[in-house]
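In: After the sequence you'll find the predicted model.
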Amino acid sequence: MTVVFDGIASGLLLFLISVGLSVTLGLMNFVNLAHGAFAMLGGYICVVLLNRFGVPFLAALPVVALVSALVGVVLERTLYRRLYGASHLDQVLFSIGLVFMSISTANYFFGAQQQPLQLPPMLSGQFNLPGLDIGVYRLFLIVLGLAIAFALQWMIAGTRFGAQLRASVDNPRAARGLGIDVDRVFVLTFALGSALAGLGGALGVEMLGLDPEFPVKYIVYFLIVVAVGGSGNIKGSLIASLIIGICDVAGKYYVPQIGAFVIYAVMVAMLIFRPQGLFGRTAAK
Amino acid sequence: MSAVLETRDLSKQFGGFIACNNVSLSIEAGARHALIGPNGAGKTTLINLLTGFLEPSAGDVFLKGDNVTHLAQHQRVKRGLVRTFQINQLFAEMTVLESVTLSVCERLGLGWSWWKPVGAHTAAIDEAAELLATLHLLDVAHTQTRSLAYGRQRMIEIALALAAKPQVLLLDEPAAGVPTDESRELFATIARLPREVTIVLIEHDMDLVFRFADKISVLVGGALLTEDVPEVIAKDRRVREVYLGEALDG
Amino acid sequence: MASVKLDLAPLRQAAAWHWAEYAFWLMPVLAYFAFGENLSLLSQIAIAALFCLSLDLILGYAGIVSLGHAAFFGLGAYAAGLLAKYGWGDPLLGLAGAAAFAAAAGFVTSFLVLRGSDLTRLMVTLGVAMMLFEAANKLTDFTGGVDGLQGVEVKPVLGMFGFDLYGKTAYWYSLAVLFVMFWLARRLVHSPFGLSLRGIRQNVGRMPAIGAPVNGRLVVIYTIGAAYAGVAGGLLTQTTQFVSLDVLSFSRSAELLLILVLGGTGRLYGALIGSMVFMAAHHFLSDINPQYWQFWLGAALVVIVLFARDGIMGLLGKLPVPGRKPS
């Protein structure tokens, strides 16, 4: 049971980070392999705020989200937008370039070592139920993750912005004709995705660790979520994240010698057996 | 005359939408057969089913008496069933001569040959050049396809199909988007094709259809409405209603 | 219509060797004398060029994007290493083994990349490469895991030329293999088969309609590309007498893409020139500071994608050189 619980926690963490990727991919059709770099950025901001400026963890989180969003906006305005119509290969190359740059920048400022993060006392520790050890921080992750998932689903499906977003993606020209400011919609979407990634990165320092290789180390996980869940699909991402989180934790717990192999196999199998179901649709349909 | 291309109860469903409904069609060897019908009548779907681009939900396709329903597209091409596309499907970065040579090479079974350069396959190149000559494309033989005007590109669309030496040629709105004078030349070229080549034509311009076709099938809502010689179709009240209805609505 | 008035020379002679190509292949010979103290770097360039050539065949010609091409490089490297370690140290035999092993893997996995969008292909190739990486990481009995495969003993080439400390044999050997493989690839891309690959890349939808079996073509070229990568990996093993786990790493696949894009895709010389520029830059810049190197590498990638998508060959092609003929 503990394995399942931990799996759910790590799944929700995965969801937080990957949902931004899913949105940029599904709604803007942009393959942003540098997505993990935004998560890493969030992680480092969080660590700096905590360790250097003594900001409390919970207060640091909104700041992290905000700064990540800002960086996202700046990059979207200056670089990403030029490649919206480009081939996926170009987008991949471009974002790998950003990944390399982010890795060496992180290396330059923070060195190659893991960054320590001290959680506040109220979020650490665990309590025990019969057959189940519940880490407080993991419980916190689960609650927060679910809250954000529902908020996102509501935003995409139920708000005016969500409708504009879906319209812009479906047919940018028609959306423009209807008076929707498509550029603005994309910027906001990108900012939101970056903010969530940053937030996820900050929350993930404790579980995933944080070092300059972070964007490369976890990119496959983020991609799997998108592959399994279907791009641009919030509910799908959530379910996929949970499955992967549980599989991963269980795999590492029960069959450590196979390690991450399971996860890659799941991804490839998923892509082979349901490729159209995964990418042959957009979120609007 | 005998049927060279035949469908029996051919159907295609996309989810709940029936794009092709129990179509039984028989195209005779050497025919100039037109498929007409209002937009969304399922003409292109039918072509896609005939050529194997789509798999039918039910029914069969026969080519020269053989059931080809489950053959892949390229296998049907090898048996002489070749199509053109409503929207140009060309090789943008190749020269015109290269594109046509590519198609000729595939027909000659050279597609796997990897040792000798294309330029050494003289027969293929000569044949491609001859085809370009008959289609009045010699002046652009060494021009990149993408830099040609639309009308000429439309001609290359046909050249690629002809290079495959079709016995049955399916033309999906060959003159779509081509200016009138060029479209006349295009149809003159099609009309000059030898009678051994059976032609199935989708076309919206009724003047062209009635001048060109010796048999017309009318599709409406995915189903075959009627089929006859042009003179009869021209007088058919239902056909007029379909077209007048469309004209009045649109 | 027996005599058509058309000059067929441009197509007939498209595959003829151009003077610039002869000049190009003189360079590595001159480099041997000019940079004699840097032979190991020159060998690395030749190996990178061969590896890059393999990606160019599948990506530049057939249009199959891959983010995991290092899988085949790594398989070849380990195959050659294990063969040599367990007594079959003949270099050419080792390369044949590397090629066969990588080709077998390429053949099997080719069916995974036949269908699907670019994105699916990118992720499938990435996933396959990561699986192999994990497998090599865990199978320490075979591969040595993170410590690398040691004890690789390679016999003299053709039984005559032993691998020396200066890397002379290694260089000429790598160069010769590169040239032969390049020459074969050059034949291939100029043949009707090569033309059909270009057709697939430019318009995969039209190919079946002119009678071409697209899937068959893709399986074959993917297998060939894998074999080429395997040979490159085998060469690296034989010239360094060691296999490290990073032959299978993601960064190797990513760097490879960069090299190819830098040089220019769909042109064999793009792969070669890209490797030369990249490896030289790597050598000199990472001497200064390895972390800066990665930064500038990333920056270069961004700039290339945004501003110079055709790579070095594209830029060269714009120069007004008389009689230039890109190949």
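Out: Yep, that arrived.

In: Now B:L169: which helix or strand?
Out: Take DSSP states H and E as the rule and B:L169 turns out to sit in strand B:168-172.

In: and that strand, anywhere near chain C?
Out: No. Strand B:168-172 is not in contact with chain C by Cβ under 8 Å from any Cβ of the partner chain; minimum separation 9.8 Å. (Glycine included, C-beta is placed from N, CA and C.)

In: do the same with stretch A:99-106
Out: Yes. Interface with chain C: stretch A:99-106 contributes A:99-105 (Cβ under 8 Å from any Cβ).

In: Out of those, which sit inside helices?
Out: Within these, membership in helices is found for A:99-105, as judged by DSSP state H.

In: from the residues of stretch A:99-106 next to chain C, which is closest to C:V128?
Out: Using Cβ to Cβ, A:V99 is the member of the residues of stretch A:99-106 next to chain C that lies nearest C:V128, at 20.1 Å.

In: what's around that closest one, how many residues?
Out: The tally of other residues near A:V99 (other Cβ atoms under 10 Å in any protein chain shown) stands at 28.

In: Check it and give its pLDDT.
Out: On the pLDDT scale, A:V99 is placed at 89.

In: looking at it, it is touching C:G298, isn't it?
Out: Yes. Counting by Cβ atoms under 8 Å, A:V99 touches C:G298, with 6.8 Å between them.

In: for the nearest residue to C:F193 once chain neighbours are set aside, what are its contacts?
Out: Nearest non-adjacent residue to C:F193, counting by Cβ to Cβ, 6 or more residues apart in numbering or on different chains: B:W114, 4.0 Å away. Applying Cβ atoms under 8 Å, 6 or more residues apart in numbering or on different chains, we find B:W114 in contact with C:187-188, C:191-194.

In: contacting residues around the strand holding B:L169?
Out: Residues contacting strand B:168-172 (Cβ under 8 Å, 6+ apart): B:4-5, B:27, B:43-44, B:47, B:50-51, B:63, B:80-86, B:158, B:161-162, B:190, B:193, B:197-203.

In: Can you flag which of the residues you listed belong to strands?
Out: Residues of the contacts of strand B:168-172 located in strands (DSSP state E): B:4-5, B:27, B:63, B:81-83, B:198-202.

In: Pull out the buried members of the residues of stretch A:99-106 next to chain C.
Out: A:99-105 (16 or more other Cβ atoms under 10 Å in any protein chain shown).

In: Dump those to CSV, plus distance to chain B.
Out: Shown next, in CSV, are these (distance: Cβ to the nearest Cβ, whole Å):
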residue, distance to chain B
A:V99, 31
A:F100, 30
A:M101, 32
A:S102, 35
A:I103, 36
A:S104, 36
A:T105, 38
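
In: can you map out the helices along chain B?
Out: Counting by DSSP H, the helices of chain B are B:43-51, B:73-78, B:96-107, B:122-134, B:150-163, B:180-191, B:206-212, B:230-235, B:237-249.

In: which one of those helices is the most hemmed in?
Out: helix B:96-107 (a mean of 27; mean count of other Cβ atoms under 10 Å in any protein chain shown).

In: pLDDT of that helix, averaged?
Out: 94.

In: which strands and helices sit next to that helix?
Out: Contacting helix B:96-107 under the criterion 3 or more Cβ pairs under 8 Å, 6 or more residues apart in numbering or on different chains; DSSP states H and E are the following elements: helix B:122-134, helix B:150-163, helix C:9-12, helix C:192-202.

In: Who are the contact partners of A:L49?
Out: A:55, A:60, A:63-64.

In: where does C:D164 land in three-state SS?
Out: When classified by DSSP: H, G, I helix; E, B strand; the rest coil, C:D164 comes out as coil.

In: Show the contacting residues for the closest residue to C:L297 other than its chain neighbours.
Out: Excluding the flanking residues, the one nearest C:L297 by Cβ to Cβ, 6+ apart is A:F100, at 5.3 Å. A:F100 makes contacts with C:254, C:294-295, C:297-298, C:301, as judged by Cβ under 8 Å, 6+ apart.

In: ok, now B:I216?
Out: So B:I216 contacts B:33-36, B:209, B:227-230, B:233 (Cβ under 8 Å, 6+ apart).

In: what about 6 Å?
Out: With contacts defined as Cβ atoms under 6 Å, 6 or more residues apart in numbering or on different chains, B:I216 is in contact with B:34, B:230, B:233.

In: Pull the contacting residues for the first one.
Out: Yep, that's B:A34 we're talking about. B:201, B:209, B:213, B:216.

In: export stretch C:196-208 as CSV, just CAs?
Out: What follows is the C-alpha trace of stretch C:196-208 in CSV, where atoms were taken according to Å, rounded to 0.1, in the frame of the first residue of the first chain:
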residue,chain,number,x,y,z
SER,C,196,12.9,6.8,-54.2
LEU,C,197,14.1,7.7,-50.7
ARG,C,198,14.1,11.3,-51.6
GLY,C,199,10.6,10.8,-53.0
ILE,C,200,9.5,9.4,-49.7
ARG,C,201,10.9,12.3,-47.8
GLN,C,202,9.4,14.9,-50.1
ASN,C,203,6.0,13.3,-50.4
VAL,C,204,5.4,10.1,-48.7
GLY,C,205,1.7,10.1,-49.7
ARG,C,206,2.5,10.1,-53.4
MET,C,207,4.9,7.2,-53.4
PRO,C,208,2.4,4.3,-53.2
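
In: Close to chain B: what parts of chain C are there?
Out: Neighbours of chain B within chain C, by Cβ under 6 Å from any Cβ of the partner chain: C:1, C:4, C:6, C:8, C:10-12, C:14-15, C:188, C:190-193, C:195-196, C:199, C:202-203, C:205-206, C:208-213.

In: let's go with 8 Å and repeat that
Out: C:1, C:4-6, C:8, C:10-15, C:187-188, C:190-196, C:198-199, C:202-203, C:205-214, C:217, C:220.

In: Tell me which helix or strand in chain B has the weakest average pLDDT.
Out: Lowest by mean pLDDT, DSSP states H and E among the helices and strands of chain B is helix B:237-249, with a mean of 69.

In: State the pLDDT value of residue 45.
Out: Just so you know, I chose chain A. Listed pLDDT for A:I45 reads 90.

In: not what I meant, chain B
Out: Looking at B:T45, its pLDDT stands at 90.

In: for the one 4 residues further on, same thing?
Out: Listed pLDDT for B:L49 reads 93.

In: Can you add distance to C:L272 and pLDDT and give the contacts of B:A34 back as CSV?
Out: Shown next, in CSV, are the contacts of B:A34 (distance: Cβ to Cβ, whole Å; pLDDT from 0 to 100):
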residue, distance to C:L272, pLDDT
B:L201, 50, 92
B:V209, 56, 87
B:A213, 56, 90
B:I216, 59, 92
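
In: Please see if the longest helix belonging to chain C touches chain A.
Out: In chain C, taking DSSP H as the definition, the longest helix is helix C:214-240. No. In terms of Cβ under 8 Å from any Cβ, no part of helix C:214-240 sits within range of chain A; the closest distance is 14.6 Å.

In: next SSE after that helix?
Out: Per DSSP H and E, the first helix or strand lying C-terminal to helix C:214-240 is helix C:250-263.

In: Report the rounded mean pLDDT for that next one.
Out: So the average pLDDT for helix C:250-263 ends up being 88.

In: Show me what that helix is packed against.
Out: Other elements packing on helix C:250-263 under the criterion 3+ Cβ pairs under 8 Å, 6+ apart are helix A:88-110, helix C:39-55, helix C:70-85, helix C:118-138, helix C:268-288, helix C:290-307, helix C:311-318.

In: Pick the most buried one from those helices.
Out: Using mean count of other Cβ under 10 Å, helix C:70-85 ranks as the most buried of those, with a mean of 29.
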